[in-house]
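Q: what's the 3D shape of this:
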Amino acid sequence: HSAAARETPRELTGGKRPRRPAREVEAQSEARTGHQPPPRPSRRHSHNDSEEDMFGDPDSFCGNSSLLAQVDDIEQKYLQDENKDIKAAGEIKNDNFSTKENMVVFEADKEEGFQMNENDPVDNNQELTVSILDDLPSSQLLYFEEMNELSSDSRLSSISEIRNKFVSSSSVKIRSPSSFCPDAEHRNRPTDFSSDSKCDLFKAESLKDHLKSAMTVNAKAQTLQVSKTKQLKEAVLSEEICVARKTIESPSADIGPFYGLPSKVKDLFRQFRGIETLYEWQHDCLMLDSLQQRRNLIYSLPTSGGKTLVAEIIILQELLCRHKNALMILPYVAIVQEKVRGLSSFGVELDFLVEEYAGSKGRFPPLKRRKKKSLYIATIEKGHALVNSLIETERIDDLGLVVVDELHMLGEGSRGATLEITLAKLLYTSKNTQIIGMSATLNNVGDLQKFLQAEYYTSNFRPVELKEYIKIRDTIYAVDSKTENGFTFSRLLNFKYSSNLEKADPDHIIALVTEVIPEYSCLIFCPTKKNCENVASMVCKYLKKLHREKEKQDLIQNLKNIGNGSICPVLKQTIPFGIAYHHSGLTNDERKSIEEAYSTGVLCLLACTATLAAGVNLPARRVILRAPYVANDFLKKSQYKQMIGRAGRAGIDSAGESILIVQEKDKHLVQNLVTSPLENCYSNLLMELTKGMQSLLLSLVGLKIAVTHEEVSSFMCSTLLGVQQQLLSNEKSLSEITEDGLANLVEKGLLKERTSAKDHDPKRTLTITLLGKATYKGAIDLAYCNLLYRELKKGLEGLVLESNLHLLYLATPYDMTLNCTPDWMIYLRQLNQLSAAEQKIMDIVGVPESFITKKASGQAIRKNVDSAVVNRLYLSFVLYALLKETNIWSVSEKFNMSRGYVQNLLNSAASFASCVLHFCEELEEFWVYKALLTELTKQLTYCVKTELIPLMEVAGVLEARAKQLYNAGYKTLAHLANANPETLVGTIKHLSRCQARQMVSSAKVKHSVLPIPQDLQKFQWYLL
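A: Got it, this is the predicted structure:
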């Protein structure tokens, strides 16, 4: 064999050296040592699975001696020699004891097998351990590596203790070998010890036993199949990542194969997204000096311009090249789930984790991992909680990048205030975290640049031309900003209306729709949910059933399965014509099925509300705005831009069209709408007092970001409010507003103030109380924190645990009660169905049964009862019925509520239950709630039968899909993670290849994130 053959890299040969003929090994051994090898025993042909057969065969692991025999021999010889040394040390005290005896190194040479060289010194026990592991079979090494990657850093300290304990005990055994006889007969002879102290050395379990036990387990387990081709690809990818990392950190203009990323990333975009090349603006943006030098950046383009792709490439650079975690903040839960599905495939291929932080999902603080980096995809609220947890644990510098989509939401109510707080904390606490903001609708960019200390890039690029029109009566006008009134005549509608049709469709929607469907797709944005359903019903009456009838029937059947046999009569009527409605009145499963059908062309027309414009990406050839209103409010320019931005599908349409239907009375308002600039983005910290300013001040002190009045004032100047204070606070200065906020928190018992005088300079220091800490860590609205505390305290006096109704009351969100109008007859019916123990809850929370009875009968009521408590209990009954029946359809009918409202209540309750759980974890007196709320949160999150919960963890899998998977035999995350996407497509109805691929990728990511059992971790480290 040549030297090149002997030096074959392990990673290309399955983790172990190439096998060589045993006779050749023996011949070389004889040449080196001058000894004849012992006769080779005959190979056993028995299929006995005993340990002796597994490990006793001389050819099991090396050429002419078993691994375990050598381990056992070395261990016993070292112990024997150590005892000799101990004895000698006791007898000889003054001599210079220096014995140059032969020592043995237990290591693998360049050929296979173990060779014992007498003159090689042993420096320490680490060489012994490593050399043993180097010659383990590849299946075991891969097992250890995989287990090592999965181990969580949260348990590292305990594991390290176990490992140190093992290493120290091993060093006692092998640290001081004095001699070794290579005679085989002596090797196999047992050693006798005369003293009890020597016998004590064998009380610890031997290294041989541990290795033998480990190899027995792994030998009986299924061997991991490792493809040499796959290993070669992984080696190439690893090398490219190293090169890319060095390149991206250098100032050179050459940024590597794909913007500093491995060429595999480009292949994955082609495979998963069908993206061959980037647009010119995307290339220019990625080449900006601000990105190369890791400065903050805001970029703005029209909807559908390809903003998200740039963000994803920047995120991959952070994960793969800079080896830092990244956070992506998105506005809605549905978009978070869609993005998790889309990026899980990249995570599996490129070896990083994709973690969902939405609703009740998310771990605080996140697990700290040594090898794999994480991409956290979060809603605004969960992103804030995640940043808080990283600041508190002093791990904020682990977060290398934060990407914010829809940056204009800074100006939208309480959610905008929360987003501003998050970004301000990042800017103040971490100088190493880069912030990237993107939006299609930004105006006062200068204020945002100053706040984020960012540079700005913009372009008017759109992959498909957008043509804007308005319709007044039967005339179509083109929007033209160059003209005086903003419109120019385009054409007249060419559609013959009968008198009956004119009455049914005075806005000529049918004429506008039939110009594009069914060949192309169309969206109709309507002001209200009811209007969506009416438009869909009206249009289908004048159309014919034209195409893909079988797929439409399959969709109807799928919706029936979702509703356990029930289906909305409107959808049943409209779907055969390729039409459906889409609004918040649908359940999550129903919305997802309709979106999939529209994306694949089974449906060609959706009548929807404005929420779809800000939600998932569903483009169309033509977008029709039924009226310039959202509910009763006139349309904002940003809303208008988002809606019309859905027109035109890249790669499919040559142009997109938007048509706004206008009544004569609204003509002047619409002229202002289409010609005016976008609205400015203003801070909402003052508008949303308890969720804005006061919440920020409380968390600043709680996280110890600022603990004096001076430090708090300094922080406030770095917020968007600080930038815009001249515009927003005319009556009081920012410092006065801050002082008032701190005083209010002290008054509520959430903060404490202490004054200390040093050098005649009084200094006021702020500290957080236990209630304050629980409030900010639980993300509880400050308007309700004291009320929640009182109700939890009262619950301790008599918590009714016969059912979970009392707990559900405590987990019902306070803000949901504002829009609740109970049906008093239904309320009374629910009361009458309660058990005697459950009726005690009425007295505990303060809702008299007589009050409900009088309300139901229409009698006058003199006694005042808190309507918020009454409404909250009513919503608790809805949740109670949901958990018992796990069927949104039947519960919505029982309580005369829309399915979407019930779904929203369920999602909000799951999220609030998680908040209450974190609140209770900070207050020792509420320890009893911890276990109860943990289980309740899980039940509310999924609201399905217990066996379906593991499958519901997968992004994109809702109840109906989970049932399909479970019935098809995919009952656990492991089953789904190991599934073949092609097999899934053939097994599961209405599942596309893209969805199957995303589902399997997400399952793999979820499965890899699962914590390792404690005993398995101990076992892994004990051996390594």
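
Q: most centrally placed residue in the chain?
A: In the chain, the centroid-proximal residue (C-alpha atoms, centre = their mean) is residue 356; its distance is 1.5 Å.

Q: measure the residue lying closest to it once chain neighbours are set aside to residue 962 for me?
A: In space, and not counting its chain neighbours, residue 356 is closest to residue 340: 4.8 Å by C-beta to C-beta, 6 or more residues apart in numbering. (Glycine included, C-beta is placed from N, CA and C.) According to C-beta to C-beta, to the nearest Å, residue 340 stands 16 Å off from residue 962.

Q: So which of those two has more stuff around it?
A: residue 340 (28 against 23; other C-beta atoms under 10 Å).

Q: Tell me if I'm right that residue 460 and residue 300 touch.
A: No: contact between residue 460 and residue 300 fails when scored by C-beta atoms under 8 Å: they sit 9.8 Å apart.

Q: When these two are compared, which one has more neighbours?
A: Neighbour comparison, residue 460 and residue 300: the larger count goes to residue 300, with 23 against 9 (by other C-beta under 10 Å).

Q: And the pLDDT at that one?
A: At residue 300, the pLDDT value in this model is 94.

Q: For the closest residue to residue 866 other than its chain neighbours, grab phi and psi.
A: Leaving aside its sequence neighbours, residue 866 sits nearest to residue 846 (C-beta to C-beta, 6+ apart; 6.7 Å). Dihedral pair for residue 846: phi 100, psi 40, per degrees, to the nearest 10.

Q: Contact partners for residue 846?
A: 865-866, 869 (C-beta atoms under 8 Å, 6 or more residues apart in numbering).

Q: Export those to a markdown table and append columns for distance to residue 486, secondary structure and neighbour count.
A: Shown next, in a markdown table, are those (distance: C-beta to C-beta, whole Å; DSSP: H, G, I helix; E, B strand; the rest coil; neighbours: other C-beta atoms under 10 Å):
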| residue | distance to residue 486 | secondary structure | neighbour count |
| --- | --- | --- | --- |
| 865 | 55 | coil | 15 |
| 866 | 52 | coil | 12 |
| 869 | 52 | helix | 16 |
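
Q: In terms of secondary structure, what does the host helix or strand of residue 876 contact?
A: Applying DSSP states H and E as the criterion places residue 876 in helix 867-885. Judged by 3 or more C-beta pairs under 8 Å, 6 or more residues apart in numbering; DSSP states H and E, helix 867-885 is in contact with helix 805-811, helix 824-832, helix 836-845, helix 888-894, helix 899-921, helix 927-942.

Q: Could you give the number of residues near residue 430?
A: There are 19 residues near residue 430, going by other C-beta under 10 Å.

Q: how close does it get to residue 670?
A: 46 Å.

Q: Please spell out which residues along the helix holding residue 876 are buried.
A: By 16 or more other C-beta atoms under 10 Å, the buried positions in helix 867-885 come out as 869-883.

Q: related to what we said a few turns ago, ok, which of the helices and strands packed on helix 867-885 comes nearest residue 554?
A: Nearest of these to residue 554, taken as C-beta to C-beta: helix 888-894 at 19.6 Å.

Q: pLDDT of that closest one, averaged?
A: Mean predicted lDDT for helix 888-894 stands at 91.

Q: Could you list the low-pLDDT ranges of the stretch 151-300 of the chain?
A: Scanning the stretch 151-300 of the chain for pLDDT under 70 picks out 151-234, 236-237, 239-241, 243-256.

Q: Hmm, residue 751 is touching residue 742, no?
A: Yes: contact status for residue 751 versus residue 742: in contact at 6.8 Å, counting by C-beta under 8 Å.

Q: Find residues that contact each of the two.
A: Between them, residue 751 and residue 742 share the contacting residues 697, 766, judged by C-beta under 8 Å, 6+ apart.

Q: ok so residue 607 is a strand residue?
A: Yes: when DSSP: H, G, I helix; E, B strand; the rest coil is applied, residue 607 is found to be in a strand.

Q: so who does it touch?
A: Residue 607 neighbours (C-beta under 8 Å, 6+ apart): 524, 526, 531-533, 535-536, 539, 579-582.

Q: roughly how far apart are residue 933 and residue 770?
A: 18 Å.

Q: Check residue 343 too.
A: Relative to residue 770, and taking C-beta to C-beta, residue 343 is found at 39 Å.

Q: more crowded one of those two?
A: residue 343 (25 against 13).

Q: any idea of the pLDDT on the more buried one?
A: pLDDT, residue 343: 94.

Q: try residue 661
A: 96.

Q: ditto for residue 729
A: At residue 729, pLDDT is 71.

Q: Identify the residue nearest it in space, chain neighbours excluded?
A: Per C-beta to C-beta, 6+ apart, closest to residue 729 is residue 737, 6.1 Å.

Q: Okay, and that neighbour sits in which element?
A: helix 734-747.

Q: now for that helix, which elements pack on it?
A: Counting by 3+ C-beta pairs under 8 Å, 6+ apart, helix 734-747 packs on helix 693-702, helix 709-716, strand 751-758.

Q: Which one, of these, ends up nearest to residue 997?
A: Going by C-beta to C-beta, the one of the helices and strands packed on helix 734-747 nearest residue 997 is helix 693-702, 40.4 Å.

Q: how close does residue 591 sit to residue 909?
A: 19 Å.

Q: The two: which is more packed in?
A: residue 909 (27 against 21).

Q: Pretty sure the more buried one sits against residue 809.
A: No: counting by C-beta under 8 Å, residue 909 sits too far from residue 809 to count as a contact (10.4 Å).

Q: Mind listing what's buried along stretch 475-492?
A: 476-477, 479, 486-487.

Q: who wins for neighbours among the contacts of residue 607?
A: residue 580 (31 neighbours).

Q: If anything else comes up later, I'll come back, but that's it for now.
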